[in-house]
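Asks: got a predicted structure here, sequence first:
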Amino acid sequence: MSFFYLFAVLAVLLVVPFIYFRISTKGQSKKKTSILYGVVAYLLTTLLKMILMATFLPDSDQEEADFTAQFEPVSAIITIVVSSLDALGCFLALRACSGHSEIRIFGVSFAWSSAESILSFFFVSWIGCLKPEFNWVYMQNALGSNINLLKQIAFTHIIWVLWKGKFQNPDKRNIFIWLSAFFITPELFKLSEVLLSKFFIFGWVLLVLKFAVAYGLFITSKKIYQSFEQLNNNKKKN
Amino acid sequence: MKNLQRSQLLLCFFVLTLVYNLLPVKPLETLPVYRLLHSEQVSTTTGKTFIRGTTSASVPSSQTKTYFECAEYLKNIPTNLSQDSSTETETEEENPSNEQEEFVKCFKGTVAVFPLFSLLEFDLSLFSEGGSCKGILIVLPRDLLTTKTQEFVTFQNEEEQESKEEIIKKLGEIESLLVEKEFRVPIYFINEDEVSHLFSFDNVNSDKQGNYNLKIVGKPGNKKKIKQVSSLEAWLPTDLDEEGKLKPTIIITANYDTFSISPALSSGLESGNNAVGVLVELSRLFTKLYNNPQTKGQYNLLFVLNSGSKQNYLGTKKWISSVDRKVLESVELVLCLDSLSIYDDDLKNQLIDDLFLHYSNGGKIEIDKTVPIEFQSISKLFGIDTQIITKKIMKNNPLISFEHEIFYRKKLKAITISNFKSYNQTLRKGSLLDLQSGSNPNARSMKTVTTLIAEFLSKMIYKQQQQSQLISIFENNYEPNNLVIQNINKMLLKYNRFSPFLEKDEQFLLNLENTFKSFGLDTKIESKKISLKRETYYYSGTQGKLTIFKVKSLLFEFFVLIMSLAYLAILYYFLNGKQKTIQEIKQLINNRKKNN
């Protein structure tokens, strides 16, 4: 039994999103509704995705923690298309909740990524950490979920901008391209994992690479959102 | 209320954790392991039971410790099996026992993992009592007698180079110790290939590759004794004489059973039982000759395979007592084939052993001395030196050194061909060395000896005069086929042939019977019941399942927790900003002071 390891993994898995959400939405109200809608949207979107994947990809059961997963182009394309449902789910959650834009964005992102962490890693980590066998994979999953939070925040920012912006805006075409990057990135990661595994680069190095990409996405998305907000504010003043 | 809720939550958490821990756990690996034999012998005079081998079957989940982790205690003591006893003084004798005790204490509560040759460095009998380690796992090296292993054996003293014979002898002593003493601690064997990625045995100073927890599940099994022995006969007759009586007969015998200190590892072919393939090939060659009326011999040939060779040739004794009297009266010679491996694969088919022809003299049976001399001269033509060894049989001594002695006691002329000079050599008694590289006995040995024996028999059968040149029967169509011999040996290597556990209808026996039948020989398997005055029982739980878990120390995991908390603190500081974080900490401290 290793309670220490279990506490460490659960702390990283659950506390980090909470810290980020609390700091980002300090002093603002209507947080609970955005969280609630985020969770419901995630659950329904995931259910629908599972049904579609089971229909079109009945043999796909790749594990995220499996760094030696095979990369198959056809299944990757189908996964990308099905993953685009995430955008729809996110959009519906943002639309349903109320409050300031930042509350809605951070609330939905936090709820979405926390729900994903709990359903994907919480129970697995709870059982795995208490085994006599020690495995770094649970800590790597927990840190990976933190990285996914960054990515989710960036993603939600982009969805917001797409929703609230106008179609005539030439930047919007670029944003669509940018949005598609979110769907392609997981498959690109899988391909890179397969390629990197041939050079025996696993685990921690891949995590660092994922963080670098996610941080890049986060910074760029935030800039796009900030420039969009500035544009909006200027229009309102005018 | 809040406190109550918190304590309830904590209780739920712990209960759930306990429940989850009861769920089956997936181990790192599951491997097969082979148990040291467990036997019981009841003395007919005193009624006392002598227990030998290991009496325990299961190893509870325990941490592992390899030999190298405790080897520092053994640096200054001479080995128990060493012959250099003259240099020991009284003070040196006291220190070794303390150091050996320290060495044993080092493994307390753990599973000791020893490479096989490390057993030469200390007295294993110190572990025989329970209460020391939880179990012993002996790792069998990939190639038991390669130079790599020799490097391990001589690592402590680089100047001494131990010869292969000395290593074999020492191994024999270890094996004798393992089967003659009672060990209350479970002892299992495992192949190096299966654990080489977990434990490193190449480098003496290698660091441990990680902590492992090991658990072995094994059953003691049922008590078994030798109830029956099976003989396989193949009869190749010639025509009857003018009076309608049987012409002279030559019996060619070999044994198919083995003995090993681990019954689950008793599929080897080095200990006096690698002549089966040779015997089968001889039967094929002579069947072919006899099928041709021009080359039909004047002798009947009886090919016999027996069991119980490691139990004082029990099978042969039973068989000879049940043979038809007419056949026995027609026997002119019994040729007993023992171990016939004389070339070495490691030394690129170099001749390493002479052949030995054993026969007994004295008494009413006198073997014609020209017979062994003829064999010797034929073997010289093959470049093999055959030494003739004669031994007088003591009637009071029940021990059978070589198989021919049984026939001699039945007043039959018999000789044994073997590459062993003495009956009690380590390899001949049945050893783990039988499993050398898991391979077939040297192919060149088998073919050469088959041709040699065939030439010898043909001289008798066709009554040719002694010639200085080889008879050219056994070439071209009649050349011994190595494939036949190798296939028979490969087939036998798949089966454990530990005699106490053999049944009447063993698959390999049926396969051999079919092989003889396919040559056109009249074949039968006969099983005879055994009841011995002095019973030895063997327990049938010969294998176990080893599960291995990788563990880290508690301290390490506590360190991981501290690092995770530090990560959270740093992240909070980074996101919140320096000033805000300091303000919040100050507020928290002030609030606590107010509460107090």
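Replies: All right, it came through fine. Because the structure is a prediction, the values reported are computed rather than measured.
Asks: going forward, measure contacts between C-alpha atoms and count neighbours the same way
Replies: Will do.
Asks: would you agree B:V33 is in contact with B:G541?
Replies: No - in this structure, B:V33 sits apart from B:G541 without contact. The criterion is CA atoms under 8 Å, and the distance is 11.3 Å.
Asks: looking at those two, which has the bigger crowd around it?
Replies: When neighbours are counted by other CA atoms under 10 Å in any protein chain shown, B:V33 comes out ahead of the other of B:V33 and B:G541, with 26 against 20.
Asks: so the more buried one bridges to which residues?
Replies: Under the criterion DSSP bridges, B:V33 forms beta bridges with B:G544.
Asks: from chain A, how far off is it?
Replies: 21 Å (CA to the nearest CA, to the nearest Å).
Asks: what pLDDT does that residue get?
Replies: Note on B:V33: pLDDT of 89.
Asks: quick one: contacts for it?
Replies: For B:V33, the residues meeting the contact criterion (CA atoms under 8 Å, 6 or more residues apart in numbering or on different chains) are B:Y188, B:F189, B:I190, B:Q543, B:G544, B:K545, B:L546.
Asks: and if you look at B:D338?
Replies: B:A254, B:N255, B:G272, B:N273, B:N274, B:A275, B:T416, B:I417, B:S418, B:N419.
Asks: how about 10 Å then?
Replies: When the contact criterion is CA atoms under 10 Å, 6 or more residues apart in numbering or on different chains, the partners of B:D338 are B:253-255, B:270-276, B:356, B:402-403, B:416-420, B:428.
Asks: okay, and which of the residues you listed map to helices?
Replies: The helices, defined by DSSP state H, take in B:V276, B:R428 from these.
Asks: related to what we said a few turns ago, now do the shared contacts for B:V33 and B:G541.
Replies: Where contact means CA under 10 Å, 6+ apart, the residues bridging B:V33 and B:G541 through contact with each are B:G218, B:A264.
Asks: middle-most residue in the chain, spatially?
Replies: Since you didn't name a chain, this refers to chain A. Central residue check for chain A by CA atoms, centre = their mean: the C-alpha nearest the mean position is that of A:Q152, 3.4 Å away.
Asks: looking at chain B here, not the other one
Replies: Taking CA atoms, centre = their mean as the criterion, B:L432 is the residue nearest the geometric centre of chain B, at 3.0 Å.
Asks: what's across from the residue of the stretch 101-250 of chain B found nearest chain A in the sheet?
Replies: Closest residue of the stretch 101-250 of chain B to chain A, CA to the nearest CA: B:N213 (7.8 Å). According to DSSP bridges, the residues that bridge with B:N213 are B:Q63, B:F549.
Asks: repeat for B:L140
Replies: Once the bridges are assigned, which here means DSSP bridges, B:L140 pairs with B:N191.
Asks: contacting residues around it?
Replies: For B:L140, counting by CA under 10 Å, 6+ apart, the contacting residues are B:F114, B:P115, B:L116, B:F117, B:F189, B:I190, B:N191, B:E192, B:D193, B:L432, B:L433, B:L435.
Asks: at 7 Å what do you get?
Replies: Taking CA atoms under 7 Å, 6 or more residues apart in numbering or on different chains as the criterion, B:L140 is in contact with B:P115, B:L116, B:F189, B:I190, B:N191, B:E192.
Asks: so which of the contacts of B:V33 wins on neighbours?
Replies: In terms of neighbour count, B:Y188 stands highest of the contacts of B:V33 at 28 neighbours, by other CA under 10 Å.
Asks: just to revisit the earlier point, tell me what the strand or helix carrying the residue nearest to the centre of chain A is packed against?
Replies: Under the assignment given by DSSP states H and E, the secondary-structure element containing A:Q152 is helix A:137-164. Helices and strands touching helix A:137-164, by 3 or more CA pairs under 7 Å, 6 or more residues apart in numbering or on different chains; DSSP states H and E, are helix A:3-10, helix A:16-24, helix A:85-96, helix A:101-117, helix A:203-237.
Asks: what do you get if the cut-off is 10 Å, keeping everything else the same?
Replies: Using 3 or more CA pairs under 10 Å, 6 or more residues apart in numbering or on different chains; DSSP states H and E as the contact criterion, the neighbours of helix A:137-164 among helices and strands are helix A:3-10, helix A:16-24, helix A:85-96, helix A:101-117, helix A:123-129, helix A:170-198, helix A:203-237.
Asks: buried sites along that helix?
Replies: For helix A:137-164, the neighbour count (16 or more other CA atoms under 10 Å in any protein chain shown) marks A:137-162 as buried.
Asks: hang on, the earlier thing: per-residue pLDDT, the residue nearest to the centre of chain B?
Replies: Reading off the per-residue confidence, B:L432 sits at a pLDDT of 77.
Asks: OK, contacts around it?
Replies: Counting by CA under 10 Å, 6+ apart, B:L432 has contacts B:140, B:144, B:171-172, B:175, B:259-262, B:265-268, B:270-271, B:426.
Asks: picking that back up, pick the most buried one from the helices and strands packed on helix A:137-164.
Replies: Each of these was assessed for mean neighbour count using mean count of other CA atoms under 10 Å in any protein chain shown. The highest is helix A:101-117, with a mean of 25.
Asks: B:Y537: neighbour count?
Replies: When counting by other CA under 10 Å, one arrives at 18 neighbours for B:Y537.
Asks: assign a three-state SS to it, would you?
Replies: With DSSP: H, G, I helix; E, B strand; the rest coil as the basis, B:Y537 sits in strand.
Asks: thought B:V42 was touching it, still the case?
Replies: Yes - between B:Y537 and B:V42 there is a contact under CA atoms under 10 Å: 8.6 Å.
Asks: what touches both of the two?
Replies: Common contact partners of B:Y537 and B:V42 (CA under 10 Å, 6+ apart): B:I51.
Asks: what comes into contact with the helix or strand containing B:E329?
Replies: Counting by DSSP H and E, the secondary-structure element that holds B:E329 is helix B:325-330. Counting by CA under 10 Å, 6+ apart, helix B:325-330 makes contact with B:245-251, B:299-300, B:302, B:320-322, B:410-412, all of which sit outside it.
Asks: make it 8 Å
Replies: Applying CA under 8 Å, 6+ apart, the set of residues contacting helix B:325-330 from outside is B:L246, B:K247, B:P248, B:T249.
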